[in-house]
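Visitor: Sharing a model that was predicted from the sequence below.
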Amino acid sequence: MEPAGERRNVAILIADIADSTVIGEQLGPERSKFLFDEIVRLMSEQVERFGGTVAQLTGDGLFAIFGAPAAHEDDSERAVRAARAIQAALARYGREVEDAYEIRLAGRVAVNTGPVVLVEADLPDQARYNALGDTVNVAARLQSLAGEGGIAVGPATARQIERRFGLEELGEVELKGKSGSVRAFRVVAELDVELAATLTPFVARTSELETLRRVLDDLLDGRGAIVSVLGEAGIGKTRLVAQARTERSDVRFLVGNAVSYAQSIPYWPVRELLRDWLRLGVSERETRIRLELKAGLAAALAGEARRGLPVLRHGAGLAARARGGGPFTTAQPRQRPAADDRRRRTPHALAGP
(Lines give C-alpha, C1' and ligand atoms only; values in the text may rest on other atoms or scores of the structure.)
Protein backbone atom coordinates (compact mmCIF):
# COMPACT_ATOMS: atom_id res chain seq x y z
CA MET A 1 0.00 0.00 0.00
CA GLU A 2 1.40 3.42 -0.95
CA PRO A 3 1.98 5.79 2.01
CA ALA A 4 -0.43 8.69 2.34
CA GLY A 5 0.73 12.23 1.71
CA GLU A 6 0.66 15.31 3.92
CA ARG A 7 -0.21 18.64 2.31
CA ARG A 8 1.81 21.64 3.53
CA ASN A 9 2.59 25.21 2.56
CA VAL A 10 6.36 25.55 2.26
CA ALA A 11 9.06 27.57 0.54
CA ILE A 12 11.12 25.58 -1.95
CA LEU A 13 14.73 26.54 -2.65
CA ILE A 14 16.64 25.10 -5.59
CA ALA A 15 20.28 26.01 -6.18
CA ASP A 16 22.99 24.87 -8.56
CA ILE A 17 26.05 26.06 -10.47
CA ALA A 18 25.78 27.54 -13.95
CA ASP A 19 27.76 25.75 -16.68
CA SER A 20 28.68 22.91 -14.33
CA THR A 21 29.15 20.54 -17.30
CA VAL A 22 31.82 22.81 -18.75
CA ILE A 23 33.54 23.07 -15.36
CA GLY A 24 33.52 19.28 -15.01
CA GLU A 25 35.09 18.91 -18.44
CA GLN A 26 37.84 21.40 -17.61
CA LEU A 27 38.73 19.91 -14.23
CA GLY A 28 38.23 16.23 -14.95
CA PRO A 29 36.11 13.78 -12.95
CA GLU A 30 38.16 13.60 -9.73
CA ARG A 31 38.76 17.31 -9.19
CA SER A 32 35.26 18.31 -10.28
CA LYS A 33 33.74 15.83 -7.82
CA PHE A 34 35.72 17.28 -4.94
CA LEU A 35 34.86 20.81 -6.08
CA PHE A 36 31.12 20.16 -6.28
CA ASP A 37 31.17 18.28 -2.96
CA GLU A 38 32.63 21.43 -1.39
CA ILE A 39 30.06 23.62 -3.13
CA VAL A 40 27.15 21.47 -1.93
CA ARG A 41 28.56 21.57 1.61
CA LEU A 42 28.65 25.38 1.52
CA MET A 43 25.08 25.50 0.23
CA SER A 44 23.82 23.01 2.83
CA GLU A 45 25.37 25.00 5.67
CA GLN A 46 23.43 28.11 4.67
CA VAL A 47 20.15 26.20 4.28
CA GLU A 48 20.50 24.66 7.74
CA ARG A 49 21.62 27.97 9.24
CA PHE A 50 18.24 29.50 8.37
CA GLY A 51 16.19 26.51 9.48
CA GLY A 52 15.68 24.74 6.15
CA THR A 53 15.85 21.03 5.36
CA VAL A 54 18.04 19.72 2.56
CA ALA A 55 15.77 17.25 0.79
CA GLN A 56 17.95 16.24 -2.15
CA LEU A 57 21.49 16.72 -3.43
CA THR A 58 21.79 17.16 -7.19
CA GLY A 59 25.51 16.80 -7.81
CA ASP A 60 26.24 20.48 -8.38
CA GLY A 61 23.50 21.83 -6.11
CA LEU A 62 20.58 20.97 -3.89
CA PHE A 63 16.84 21.07 -3.34
CA ALA A 64 15.68 22.32 0.07
CA ILE A 65 12.43 22.93 1.93
CA PHE A 66 11.61 25.67 4.44
CA GLY A 67 8.52 24.73 6.45
CA ALA A 68 9.19 21.05 7.14
CA PRO A 69 9.51 19.40 9.57
CA ALA A 70 9.00 22.64 11.53
CA ALA A 71 6.92 25.46 10.03
CA HIS A 72 7.67 29.14 10.70
CA GLU A 73 5.67 32.24 9.89
CA ASP A 74 8.62 33.60 7.89
CA ASP A 75 9.66 30.53 5.88
CA SER A 76 9.72 32.49 2.60
CA GLU A 77 11.97 35.12 4.14
CA ARG A 78 14.21 32.42 5.59
CA ALA A 79 14.53 30.79 2.18
CA VAL A 80 15.47 34.07 0.50
CA ARG A 81 17.99 34.87 3.22
CA ALA A 82 19.49 31.42 2.75
CA ALA A 83 19.62 32.04 -1.01
CA ARG A 84 21.49 35.31 -0.46
CA ALA A 85 23.86 33.61 1.96
CA ILE A 86 24.49 30.85 -0.60
CA GLN A 87 25.38 33.42 -3.24
CA ALA A 88 27.70 35.25 -0.82
CA ALA A 89 29.45 31.99 0.16
CA LEU A 90 29.84 30.99 -3.50
CA ALA A 91 31.27 34.41 -4.34
CA ARG A 92 33.93 34.05 -1.65
CA TYR A 93 34.79 30.47 -2.59
CA GLY A 94 34.61 31.30 -6.29
CA ARG A 95 37.41 33.85 -5.97
CA GLU A 96 39.70 31.14 -4.60
CA VAL A 97 38.75 28.70 -7.36
CA GLU A 98 39.24 31.32 -10.06
CA ASP A 99 42.70 32.18 -8.75
CA ALA A 100 43.68 28.50 -8.64
CA TYR A 101 42.09 27.14 -11.83
CA GLU A 102 40.88 30.14 -13.84
CA ILE A 103 37.34 28.81 -13.54
CA ARG A 104 34.44 31.10 -12.73
CA LEU A 105 31.76 29.82 -10.36
CA ALA A 106 28.29 31.34 -10.54
CA GLY A 107 25.29 30.09 -8.60
CA ARG A 108 21.66 30.16 -9.70
CA VAL A 109 18.99 30.06 -7.00
CA ALA A 110 15.19 30.06 -7.14
CA VAL A 111 12.63 30.22 -4.34
CA ASN A 112 8.94 29.45 -4.75
CA THR A 113 6.26 29.27 -2.07
CA GLY A 114 3.12 27.18 -2.14
CA PRO A 115 1.49 23.85 -1.27
CA VAL A 116 3.31 20.55 -1.65
CA VAL A 117 2.64 16.95 -0.70
CA LEU A 118 5.10 15.31 1.69
CA VAL A 119 5.32 11.55 2.05
CA GLU A 120 4.03 10.36 5.43
CA ALA A 121 6.41 7.57 6.25
CA ASP A 122 9.27 6.65 8.56
CA LEU A 123 11.96 7.54 6.05
CA PRO A 124 15.22 9.52 6.09
CA ASP A 125 14.79 13.28 5.58
CA GLN A 126 15.98 13.16 1.97
CA ALA A 127 13.11 10.81 1.16
CA ARG A 128 10.56 12.11 3.68
CA TYR A 129 10.82 15.71 2.51
CA ASN A 130 11.28 15.10 -1.20
CA ALA A 131 8.13 17.12 -1.88
CA LEU A 132 5.95 16.75 -4.93
CA GLY A 133 3.73 19.24 -6.69
CA ASP A 134 3.51 22.27 -8.94
CA THR A 135 5.31 24.47 -6.40
CA VAL A 136 8.48 22.43 -6.86
CA ASN A 137 8.17 22.36 -10.63
CA VAL A 138 7.81 26.14 -10.82
CA ALA A 139 10.84 26.64 -8.58
CA ALA A 140 12.91 24.46 -10.90
CA ARG A 141 11.78 26.45 -13.96
CA LEU A 142 12.34 29.83 -12.29
CA GLN A 143 15.97 28.97 -11.72
CA SER A 144 16.83 29.67 -15.36
CA LEU A 145 15.56 33.26 -14.87
CA ALA A 146 17.81 33.98 -11.89
CA GLY A 147 20.88 34.62 -14.00
CA GLU A 148 24.43 34.00 -12.83
CA GLY A 149 24.73 34.98 -9.20
CA GLY A 150 21.03 35.86 -9.03
CA ILE A 151 17.92 34.80 -7.12
CA ALA A 152 14.51 34.39 -8.79
CA VAL A 153 11.28 34.08 -6.82
CA GLY A 154 7.69 33.25 -7.62
CA PRO A 155 4.63 35.45 -6.97
CA ALA A 156 3.67 34.03 -3.57
CA THR A 157 7.23 34.39 -2.31
CA ALA A 158 7.38 37.96 -3.65
CA ARG A 159 4.22 38.95 -1.75
CA GLN A 160 5.61 37.62 1.50
CA ILE A 161 9.05 39.25 1.26
CA GLU A 162 8.34 42.54 -0.54
CA ARG A 163 8.67 44.60 2.67
CA ARG A 164 12.07 43.08 3.36
CA PHE A 165 13.71 42.86 -0.06
CA GLY A 166 13.89 44.96 -3.18
CA LEU A 167 12.43 43.09 -6.15
CA GLU A 168 12.83 43.50 -9.90
CA GLU A 169 9.73 42.37 -11.75
CA LEU A 170 10.46 40.07 -14.66
CA GLY A 171 6.86 40.13 -15.87
CA GLU A 172 4.65 37.25 -16.93
CA VAL A 173 6.86 34.40 -18.08
CA GLU A 174 6.05 31.18 -19.84
CA LEU A 175 7.51 28.18 -18.04
CA LYS A 176 7.98 24.77 -19.58
CA GLY A 177 5.18 22.43 -18.54
CA LYS A 178 2.86 25.24 -17.36
CA SER A 179 -0.34 25.94 -19.25
CA GLY A 180 -0.45 29.55 -18.04
CA SER A 181 2.13 32.25 -17.45
CA VAL A 182 3.71 32.96 -14.03
CA ARG A 183 4.78 36.32 -12.60
CA ALA A 184 8.44 36.16 -11.74
CA PHE A 185 10.74 38.46 -9.78
CA ARG A 186 14.45 38.80 -9.10
CA VAL A 187 15.75 39.72 -5.63
CA VAL A 188 18.05 42.73 -5.95
CA ALA A 189 18.70 43.98 -2.39
CA GLU A 190 17.69 43.85 1.24
CA LEU A 191 15.66 46.84 2.35
CA ASP A 192 16.12 48.96 5.44
CA VAL A 193 12.80 48.46 7.18
CA GLU A 194 11.63 49.80 10.51
CA LEU A 195 8.94 47.59 11.95
CA ALA A 196 6.48 50.18 13.18
CA ALA A 197 3.40 49.36 15.19
CA THR A 198 0.04 50.17 13.69
CA LEU A 199 -1.46 52.81 15.97
CA THR A 200 -4.76 51.13 16.73
CA PRO A 201 -6.90 52.55 19.57
CA PHE A 202 -5.07 52.32 22.89
CA VAL A 203 -7.25 50.89 25.68
CA ALA A 204 -6.98 49.18 29.08
CA ARG A 205 -3.23 49.57 29.58
CA THR A 206 -3.16 52.66 31.81
CA SER A 207 -1.12 51.18 34.68
CA GLU A 208 1.42 49.57 32.36
CA LEU A 209 1.81 52.83 30.44
CA GLU A 210 2.34 54.74 33.67
CA THR A 211 5.16 52.32 34.59
CA LEU A 212 6.93 53.04 31.31
CA ARG A 213 6.45 56.78 31.83
CA ARG A 214 8.14 56.61 35.24
CA VAL A 215 11.05 54.61 33.82
CA LEU A 216 11.58 57.16 31.05
CA ASP A 217 11.39 60.04 33.55
CA ASP A 218 14.09 58.32 35.60
CA LEU A 219 16.16 57.89 32.45
CA LEU A 220 16.24 61.66 32.01
CA ASP A 221 17.63 61.89 35.54
CA GLY A 222 20.40 59.42 34.75
CA ARG A 223 18.82 56.30 36.28
CA GLY A 224 18.52 53.36 33.92
CA ALA A 225 16.29 50.31 34.18
CA ILE A 226 15.39 47.08 32.42
CA VAL A 227 11.68 46.60 31.71
CA SER A 228 10.25 43.32 30.38
CA VAL A 229 6.86 43.45 28.67
CA LEU A 230 5.50 39.91 28.74
CA GLY A 231 2.23 38.38 27.59
CA GLU A 232 0.47 36.21 25.06
CA ALA A 233 0.67 37.07 21.38
CA GLY A 234 -1.83 39.69 20.24
CA ILE A 235 -2.65 41.34 23.59
CA GLY A 236 -0.99 44.66 22.72
CA LYS A 237 2.66 44.53 23.87
CA THR A 238 3.95 46.26 20.75
CA ARG A 239 1.12 48.80 20.87
CA LEU A 240 1.97 49.62 24.50
CA VAL A 241 5.62 50.32 23.68
CA ALA A 242 4.59 52.36 20.62
CA GLN A 243 2.31 54.52 22.79
CA ALA A 244 5.14 55.21 25.23
CA ARG A 245 7.41 56.16 22.34
CA THR A 246 4.95 58.59 20.80
CA GLU A 247 4.78 60.55 24.08
CA ARG A 248 8.52 61.17 24.40
CA SER A 249 10.19 63.36 21.81
CA ASP A 250 13.06 63.95 24.28
CA VAL A 251 14.21 60.31 24.20
CA ARG A 252 15.75 58.50 21.27
CA PHE A 253 14.62 54.88 21.01
CA LEU A 254 16.88 52.19 19.54
CA VAL A 255 15.21 49.01 18.32
CA GLY A 256 16.84 45.61 17.90
CA ASN A 257 15.04 42.44 16.82
CA ALA A 258 16.14 38.94 17.75
CA VAL A 259 15.26 36.28 15.18
CA SER A 260 15.52 32.53 15.61
CA TYR A 261 17.54 31.92 12.45
CA ALA A 262 20.29 34.27 13.68
CA GLN A 263 21.20 32.11 16.68
CA SER A 264 24.54 31.24 15.06
CA ILE A 265 25.37 34.88 14.23
CA PRO A 266 27.25 36.51 17.13
CA TYR A 267 25.76 39.65 18.68
CA TRP A 268 22.83 39.82 16.25
CA PRO A 269 20.52 41.94 18.51
CA VAL A 270 23.47 44.17 19.43
CA ARG A 271 24.25 44.69 15.75
CA GLU A 272 20.65 45.67 15.15
CA LEU A 273 20.79 48.22 17.97
CA LEU A 274 24.08 49.66 16.74
CA ARG A 275 22.79 49.91 13.19
CA ASP A 276 19.72 51.77 14.40
CA TRP A 277 21.82 54.07 16.59
CA LEU A 278 24.23 54.93 13.77
CA ARG A 279 21.42 55.10 11.17
CA LEU A 280 23.21 52.62 8.94
CA GLY A 281 21.59 50.32 6.41
CA VAL A 282 22.01 46.57 6.29
CA SER A 283 24.35 46.70 3.28
CA GLU A 284 26.72 49.44 4.46
CA ARG A 285 30.44 48.92 3.84
CA GLU A 286 32.65 48.02 6.79
CA THR A 287 34.72 51.19 6.29
CA ARG A 288 31.68 53.40 6.85
CA ILE A 289 30.46 51.33 9.81
CA ARG A 290 33.89 51.66 11.42
CA LEU A 291 34.07 55.44 11.02
CA GLU A 292 30.46 56.05 12.04
CA LEU A 293 30.96 53.89 15.13
CA LYS A 294 34.02 55.88 16.17
CA ALA A 295 32.27 59.19 15.54
CA GLY A 296 29.14 58.10 17.40
CA LEU A 297 31.12 56.94 20.42
CA ALA A 298 33.17 60.14 20.46
CA ALA A 299 29.98 62.20 20.57
CA ALA A 300 28.18 60.02 23.13
CA LEU A 301 30.98 59.00 25.51
CA ALA A 302 33.49 61.84 25.12
CA GLY A 303 36.71 60.82 26.88
CA GLU A 304 35.59 57.20 27.33
CA ALA A 305 35.08 56.55 23.62
CA ARG A 306 38.33 54.65 23.08
CA ARG A 307 37.60 52.48 26.10
CA GLY A 308 34.20 51.41 24.78
CA LEU A 309 35.24 50.96 21.16
CA PRO A 310 36.75 47.44 21.42
CA VAL A 311 33.56 46.11 23.02
CA LEU A 312 31.19 47.62 20.46
CA ARG A 313 33.54 46.66 17.63
CA HIS A 314 32.74 43.01 18.33
CA GLY A 315 29.03 43.77 18.46
CA ALA A 316 29.20 45.54 15.11
CA GLY A 317 30.94 42.54 13.57
CA LEU A 318 34.06 44.50 12.59
CA ALA A 319 37.37 42.76 12.10
CA ALA A 320 40.16 43.51 14.57
CA ARG A 321 43.09 45.62 13.37
CA ALA A 322 46.76 44.86 13.88
CA ARG A 323 48.22 45.55 17.30
CA GLY A 324 50.13 48.70 18.03
CA GLY A 325 48.26 51.96 17.65
CA GLY A 326 45.34 50.64 15.57
CA PRO A 327 41.92 52.24 15.80
CA PHE A 328 40.79 49.79 18.46
CA THR A 329 43.77 50.15 20.79
CA THR A 330 42.51 50.80 24.31
CA ALA A 331 43.67 53.79 26.35
CA GLN A 332 43.58 54.62 30.03
CA PRO A 333 40.16 56.03 30.91
CA ARG A 334 39.98 59.72 31.46
CA GLN A 335 38.16 61.32 34.35
CA ARG A 336 34.45 60.58 34.21
CA PRO A 337 32.29 63.60 33.40
CA ALA A 338 30.21 65.04 36.18
CA ALA A 339 26.75 63.63 36.76
CA ASP A 340 25.09 66.85 35.62
CA ASP A 341 27.03 66.70 32.33
CA ARG A 342 25.96 63.11 31.77
CA ARG A 343 22.32 63.99 32.33
CA ARG A 344 22.41 66.69 29.68
CA ARG A 345 23.21 64.16 26.97
CA THR A 346 20.38 62.78 24.88
CA PRO A 347 19.03 59.74 26.72
CA HIS A 348 18.58 56.48 24.82
CA ALA A 349 15.95 53.84 25.46
CA LEU A 350 16.51 50.38 24.07
CA ALA A 351 13.43 48.65 22.76
CA GLY A 352 12.89 45.21 21.29
CA PRO A 353 10.21 42.62 20.83
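Guide: Everything's here; your move. Numbers count the residues shown, from 1 in each chain.
Visitor: Just the pLDDT for the residue nearest to Tyr101 when sequence neighbours are not counted.
Guide: Spatial nearest neighbour of Tyr101, excluding adjacent residues (Cβ to Cβ, 6 or more residues apart in numbering): Leu27 at 6.7 Å. No exception for glycine: its C-beta is placed from N, CA and C like everyone else's. Leu27 is assigned 91 on the pLDDT scale.
Visitor: Look at the closest residue in space to Leu175 that isn't next to it in sequence and tell me its secondary structure.
Guide: Leaving out its chain neighbours, the residue that sits closest to Leu175 by Cβ to Cβ, 6+ apart is Arg141, at 3.9 Å. What DSSP: H, G, I helix; E, B strand; the rest coil gives for Arg141 is helix.
Visitor: cool, and Val116?
Guide: strand.
Visitor: That one contacts Ala139, doesn't it?
Guide: No - checked against Cβ atoms under 8 Å, the pair Val116 and Ala139 is beyond contact range at 10.0 Å.
Visitor: Next, show the common contact partners of these two.
Guide: Jointly contacting Val116 and Ala139 under the rule Cβ atoms under 8 Å, 6 or more residues apart in numbering are Ile12.
Visitor: about what we covered before: residues in contact with the residue nearest to Tyr101?
Guide: Going by Cβ under 8 Å, 6+ apart, Leu27 touches 35, 101, 103.
Visitor: The second one: neighbour count?
Guide: The one in question is Tyr101. 14 (other Cβ atoms under 10 Å).
Visitor: Thought Phe34 was touching it, still the case?
Guide: No - Tyr101 is beyond contact range of Phe34, at 11.8 Å (criterion: Cβ under 8 Å).
Visitor: Dump the contacts of Leu27 into CSV; add pLDDT, distance to Phe165 and secondary structure as well.
Guide: Converted to CSV, these look like this (pLDDT from 0 to 100; distance: Cβ to Cβ, whole Å; DSSP: H, G, I helix; E, B strand; the rest coil):
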residue, pLDDT, distance to Phe165, secondary structure
Leu35, 94, 30, helix
Tyr101, 90, 33, helix
Ile103, 90, 30, coil
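Visitor: just those now: which is nearest Ala242?
Guide: Nearest to Ala242 among the contacts of Leu27 is Leu35, at 51.3 Å by Cβ to Cβ.
Visitor: from memory the closest one sits against Val97, does it?
Guide: Yes - the pair Leu35 / Val97 is scored as a contact, 7.0 Å apart, by Cβ under 8 Å.
Visitor: more crowded one of these two?
Guide: Leu35 (21 against 18).
Visitor: quick one: contacts for that one?
Guide: Neighbour list for Leu35: 23, 27, 97 [criterion: Cβ under 8 Å, 6+ apart].
Visitor: what do you get for Gly94?
Guide: Taking Cβ under 8 Å, 6+ apart, one finds 104-106 in contact with Gly94.
Visitor: out of the residues you listed, who has the most neighbours?
Guide: When neighbours are counted by other Cβ under 10 Å, Leu105 leads the contacts of Gly94 with 23 neighbours.
Visitor: And the residue nearest the centre of this structure?
Guide: Nearest to the mean C-alpha position of the chain, by Cα atoms, centre = their mean, lies Arg81 at 5.4 Å.
Visitor: Skip the chain neighbours and tell me the closest residue to that residue.
Guide: Ranked by Cβ to Cβ, 6+ apart and with sequence neighbours excluded, the top spatial neighbour of Arg81 is Phe50, at 5.4 Å.
Visitor: What separation do you get for the one you found and Val259?
Guide: Between Phe50 and Val259 the computed distance is 10 Å (Cβ to Cβ, to the nearest Å).
Visitor: For the two, indicate the residue with more neighbours.
Guide: Comparing Phe50 with Val259 by neighbour count (other Cβ under 10 Å), the higher total belongs to Phe50, at 27 against 17.
Visitor: Check the offset of the helix or strand containing the residue nearest to the centre of the chain from the chain's centre.
Guide: Assigned by DSSP states H and E, Arg81 falls within helix 75-101. Helix 75-101 has its C-alpha centroid displaced from the chain centroid by 14 Å (Cα atoms, centre = their mean, to the nearest Å).
Visitor: Then stretch 208-225?
Guide: Offset of stretch 208-225 from its chain centre (Cα atoms, centre = their mean): 32 Å.
Visitor: for it, which positions count as buried?
Guide: Buried residues in stretch 208-225, counting neighbours by 16 or more other Cβ atoms under 10 Å, are found at 208, 211-212, 215-216, 219.
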